[in-house]
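Asks: just the structure for this:
(chains A and B)
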Number of protein chains: 2
Amino acid sequence: MRPPVSPSRRTLAAELAAASPGGVVTLRGHVHRRRELARVTFLVVRDRSGLAQVVIRPDDGVPAVPPEETPVEVTGVATANAQAPGGVEITTPTITALSDAAATPPVELWRPKLDASLPVLLENAAVAWRHPVMRARWEIAAASLKGFRSYLDARAFTEVRSPKLVATATESGANVFGVDYFGRPAYLAQSPQFYKQQLVGVFERVYEVGPVFRAEPHDTVRHLAEYTSLDVELGFIEGHRDVLAVLRGALASMVDAVRSTASDAVELLGLTLPAIPAEVPVIHFAEALARVGAAPDEPDLAPEHERALGEWARDELGSDVLAVEGYPMRKRPFYTHPWTGAEPGGPWSNSFDLIFRGVELVTGGQRLHRHADYLTAIRARGEEPSEYRHYLSAFEHGMPPHGGFAIGLERWVSRLVGAANVREVTLFPRDLHRLTP
Amino acid sequence: MRPPVSPSRRTLAAELAAASPGGVVTLRGHVHRRRELARVTFLVVRDRSGLAQVVIRPDDGVPAVPPEETPVEVTGVATANAQAPGGVEITTPTITALSDAAATPPVELWRPKLDASLPVLLENAAVAWRHPVMRARWEIAAASLKGFRSYLDARAFTEVRSPKLVATATESGANVFGVDYFGRPAYLAQSPQFYKQQLVGVFERVYEVGPVFRAEPHDTVRHLAEYTSLDVELGFIEGHRDVLAVLRGALASMVDAVRSTASDAVELLGLTLPAIPAEVPVIHFAEALARVGAAPDEPDLAPEHERALGEWARDELGSDVLAVEGYPMRKRPFYTHPWTGAEPGGPWSNSFDLIFRGVELVTGGQRLHRHADYLTAIRARGEEPSEYRHYLSAFEHGMPPHGGFAIGLERWVSRLVGAANVREVTLFPRDLHRLTP
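Replies: Coordinates of the predicted model:
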């Protein structure tokens, strides 16, 4: 058995700038670009850290240079060149292909600008994501996940894992995927809602990062059949404003993590990171309707209302986020806690949506916590509490006032990077038409 | 709207030890135990940090003390008492119930020892997990996840999210759950294998923590229909030993995180944390068979073989982990890379299983990376490469030598805490018979 490779043997592209001039280094990566001129061939090698330039001259004795995307090992001399990435290039190389010659990619990965239609990118995801611009988008997503967790971990939230296979479609009933579960009907969970609430009784503060499934019959730029939900739930709150404070902290931490751990991606994409104020501005639902000129009996905000509110928050309040609180009870799930604030009167709830740059990103709020209130709410839907037996046992056996929220990762990233379609920031999106790759 | 509660208003049970004697503090938690003696009532309050004792005397003017599990707010005087948890108890309290009186729990949560059968625990999961012993088990799991990620994050692995809804059941074909996907057949992913490999071409080093689904027709103590898989894949390796080195690092980091962030749980459960040596001892499959007295043509290790090998590793090598490398190709998946070591000869593979305390915990190894090798391997199964079109496009367009592994979270935790059944450490287990709660 050969011994494992010592990590010191390999130099990453990003480390080349710090290599001793004249020293011999070994890179490993894909051929990102091969440019054969009359008297010199330029090779750009791409590894996980970035790009490095290799210069091949006729008397270097390099036989054929492998085509683009072939994985290679390049050993040569680190040589200063102000034109090369990082100011250092590799000269007099020996080049070893680490696999067979790669076929020409369906997307021109070496072009700085991503020049392919969305269907082409989606159909060729395995290769298209290699483009630095595509990759940078996902690096924003991965950094966001880090920031989300680090904020909650530091505040004694416990990470939980709830089942995605469930026995009933009770939470909403519609848009649910059916599964053949050993011959019995089962469903894919539309959210960890019921489980995260039950687990507040155990851990008091919980979060989960996991897939959720919506048999979404609409073909829109912001809906997916499977997406990543960042779920939080916490107990012993006074009201939904406590939940909003945690949401603000999580979002600010996500932005911080993007700034600190994905700075190259931020630069490559030319992003302006969002301003998350120390306190998220809050507007009541009734006031929001009035501000956008909607009828006072509208049950929900339409996308154009969200856009207008987003612009108002940005221009007037200097904030990329705006919380709309007090949505009418009739448009919120049955477990929503009614309004406990003094004014304005009306059929309001202790719930909120968070609008991020003009799009609804988060739904959250306080939940009911008294067993009797659940019985009433479920019966008011014309349903039997016995169908919710397991869920209700948590409340029967004592649950504190609690609430939480859920952030859609893909929606967050798409607004952050300015993607027109949520599919552009999803590694392998699933929708009404697409189940592959 | 009431303002959010200032965090300084609340004292956690674990903070009580540091409270100024004679100072007024406010606790929030569930009534863990109510013990009414002739002249005094003892109340134990449980919050996310632990337990605190409250003493109620007749002249304190406390009307009725809420029953166990009711969430309460207790304000009183911090008073030294060597017998109380942390050496401080609360006296002269006022007690406010934060919900209706809780019904008697189906499991006696206040007893130090967990005294209920597994079916009772599973059926009443929402409440049973409140028992400190149950909760401690999950805290071990949550800490393990932290340690897993922190090790990989520090080594430039990118967290990815692969789809759980897939179009084909090609990876194994058997034991797969079918889904009605907008009227078309789809399946639940049995692993992120194909996706994590493709993403090595993008990020070089990736990991995913997510659910995997197995329509496991066997009713055993170590199989679940849905479990949490900790998946890793990395490129530019020399062989499977490089993969094993990353696995070792991840496991050691998981143990460290359990030690440092779940020390209370470790103590409560009386755990001896595993010894993960600086290098995992490795035995070849052929030698392993010989050591346990199995026939040399056995294609796999049986559970009793794994147990025997685990005992041998512990007693002779002082290690709780043992890697068995070189499994026969015919028992490994088609993407497995054949053996590249010098000896012993035979139909071996560059793959390994990791045995942790006598149970197979991890499967890993090097994968094929040449497109032509995949075509051959797929045809050898009697299948058409076109069925694997999207997966194969990654190899067609250049993939480096790579490999990876997958750890089953629940199996890891069950061995760590000494649980007889993997269901004891799963929040809401799914199996042949159980789809609720």
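Asks: residue contacts, A:Asn358?
Replies: No Asn there; residue A:358 is Gly. Applying CB atoms under 8 Å, 6 or more residues apart in numbering or on different chains to A:Gly358 gives the contacts A:Glu306, A:Arg307, A:Ala308, A:Leu309, A:Gly310, A:Glu311. C-betas here are computed from N, CA, C, even on glycine.
Asks: now with 6 Å?
Replies: By CB atoms under 6 Å, 6 or more residues apart in numbering or on different chains, A:Gly358 lies in contact with A:Glu306, A:Arg307, A:Gly310.
Asks: nearest spatial neighbour of the second one, skipping sequence neighbours?
Replies: If the residues on either side of it in the chain are set aside, A:Arg307 comes closest to A:Gly358, at 4.2 Å by CB to CB, 6 or more residues apart in numbering or on different chains.
Asks: just the pLDDT for the one you found.
Replies: A:Gly358 is assigned 95 on the pLDDT scale.
Asks: quick one: the longest strand along chain A to chain centroid distance?
Replies: In chain A, with assignment by DSSP state E, the single longest strand is strand A:24-36. When C-alpha coordinates are averaged (CA atoms, centre = their mean, to the nearest Å), strand A:24-36 and its chain have centres 31 Å apart.
Asks: stretch A:98-114 now?
Replies: Centroid separation for stretch A:98-114 versus its chain: 26 Å, with CA atoms, centre = their mean.
Asks: buried ones in that stretch?
Replies: A:Leu98, A:Ser99, A:Asp100, A:Ala102, A:Ala103, A:Pro105, A:Pro106, A:Val107, A:Leu109, A:Trp110, A:Leu114 (16 or more other CB atoms under 10 Å in any protein chain shown).
Asks: and the second one, what does it touch?
Replies: To tie it back to what came earlier, the one meant is A:Ser99. Shown in contact with A:Ser99 (CB under 6 Å, 6+ apart): A:Pro71, B:His369, B:Arg370.
Asks: need the per-residue pLDDT for it.
Replies: So A:Ser99 comes in at 98 (pLDDT).
Asks: any idea how far B:Glu325 is from it?
Replies: In this view, A:Ser99 and B:Glu325 are 23 Å apart by CB to CB, to the nearest Å.
Asks: list the neighbouring strands of the longest strand of chain A plus their orientation.
Replies: strand A:41-47 (antiparallel), strand A:71-80 (antiparallel) (DSSP bridges).
Asks: hmm, A:Pro163 and A:Glu208 touching each other?
Replies: No - contact criterion CB atoms under 6 Å: A:Glu208 and A:Pro163 do not qualify, at 11.0 Å.
Asks: tabulate the strands paired with strand A:24-36 in JSON lines, adding columns for distance to B:Arg149 and mean neighbour count.
Replies: Formatted as JSON lines, the strands paired with strand A:24-36 follow (distance: least, CB to CB, whole Å; neighbours: other CB atoms under 10 Å in any protein chain shown):
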{"stretch": "strand A:41-47", "distance to B:Arg149": "22", "mean neighbour count": "22"}
{"stretch": "strand A:71-80", "distance to B:Arg149": "27", "mean neighbour count": "20"}
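Asks: let me have those in a markdown table, adding distance to A:Ser414 as columns.
Replies: Formatted as a markdown table, the strands paired with strand A:24-36 follow (distance: least, CB to CB, whole Å):
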| stretch | distance to A:Ser414 |
| --- | --- |
| strand A:41-47 | 25 |
| strand A:71-80 | 31 |
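Asks: neighbour count winner among A:Glu208 and A:Pro163?
Replies: Using other CB atoms under 10 Å in any protein chain shown, the more surrounded residue of A:Glu208 and A:Pro163 is A:Pro163, with 25 against 22.
Asks: what sits against that one?
Replies: B:Glu226, B:Phe428, B:Arg430.
Asks: just give the number of residues close to A:Pro401.
Replies: Close neighbours of A:Pro401, defined as other CB under 10 Å, add up to 24.
Asks: contact partners for the residue nearest to A:Gly22 when sequence neighbours are not counted?
Replies: Of all residues not flanking A:Gly22 in the chain, A:Val77 sits nearest, at 6.3 Å (CB to CB, 6+ apart). A:Val77 is in contact with A:Val24, A:Thr91, A:Thr92, counting by CB under 6 Å, 6+ apart.
Asks: most surrounded residue in these?
Replies: Most neighbours among the contacts of A:Val77, by other CB under 10 Å: A:Thr92, with 17 neighbours.
Asks: if we can go back for a sec, for the longest strand of chain A, buried residues please.
Replies: Buried residues in strand A:24-36, defined by neighbour count with 16+ other CB under 10 Å: A:Val25, A:Leu27, A:Arg28, A:Gly29, A:His30, A:Val31, A:His32, A:Arg33, A:Arg34.
Asks: do stretch A:341-352 as well
Replies: Here stretch A:341-352 shows A:Gly341, A:Trp348, A:Ser349, A:Asn350, A:Ser351, A:Phe352 as buried, counting by 16+ other CB under 10 Å.
Asks: which of those residues lies closest to A:Ala377?
Replies: Distance to A:Ala377, by CB to CB, is smallest for A:Ser349 among those, at 11.6 Å.
Asks: what residues are bridge-paired with that closest one?
Replies: Note on A:Ser349: beta-bridge partners by DSSP bridges are A:Pro338.
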